[in-house]
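1. Below are the sequence and a predicted model for it; my questions follow.
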Amino acid sequence: MTKLLVSDMARRMGRKKQWAEDMQARFPEGTFERIAALLEGKEDRTDFVRAAVEREIKRRERAARLSGHSKPEDDGEEGL
């Protein structure tokens, strides 16, 4: 029986998934226009939001370490 070949190349793994977690968020009207005005180079809105979230996580983790708490206190900024 003839062996069916799809490709002469060895199988390869695809690249690792970079963005494994997904989240939907709603923003006040006008937010996207404000973000668009601040984008740099080929940066898109998603890149901007990811960078902003990462900065805020690091800020809160640093504040928690400095205050000796394992979880930062609520700063009263609900609904951002």
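-> That came through, no problem.

2. Sort out which residues of whichever strand or helix holds A51 are buried, please.
-> Under the criterion of DSSP states H and E, A51 resides in helix 45-67. Buried residues in helix 45-67, counting neighbours by 16 or more other Cβ atoms under 10 Å, are absent. In this view, the C-beta of every residue, glycine as well, is placed from N, C-alpha and C.

3. Now do that helix: which elements does it pack against?
-> Here helix 45-67 touches helix 31-38, going by 3 or more Cβ pairs under 8 Å, 6 or more residues apart in numbering; DSSP states H and E.

4. The helix it packs on: how far from the chain's middle?
-> Put simply, helix 31-38 sits 17 Å off its chain's centre (Cα atoms, centre = their mean, to the nearest Å).

5. what about R26, how many neighbours?
-> R26: 6 surrounding residues under other Cβ atoms under 10 Å.

6. Backbone dihedrals for it, please?
-> Dihedral angles phi and psi of R26 (degrees, to the nearest 10) take the values phi -110, psi 140.

7. what's the answer for the one 3 residues further on, then?
-> Comment: the main-chain dihedrals of E29 come out as phi -60, psi 140, following degrees, to the nearest 10.

8. now the helix holding A51: how far from the chain's centre is it?
-> 11 Å.

9. ditto for stretch 41-48
-> Centroid displacement of stretch 41-48 relative to its chain, using Cα atoms, centre = their mean, is 11 Å.

10. One more: stretch 29-40?
-> 17 Å.

11. Name the surrounding residues that touch it.
-> The set of residues external to stretch 29-40 that reach it, using Cβ atoms under 8 Å, 6 or more residues apart in numbering, is 45, 48-49.

12. Specify the angle between the helix holding A51 and helix 31-38 in degrees.
-> 90 degrees (axes from the mean of the first three to the mean of the last three Cα atoms, to 10 degrees).

13. Thanks a lot, catch you later.
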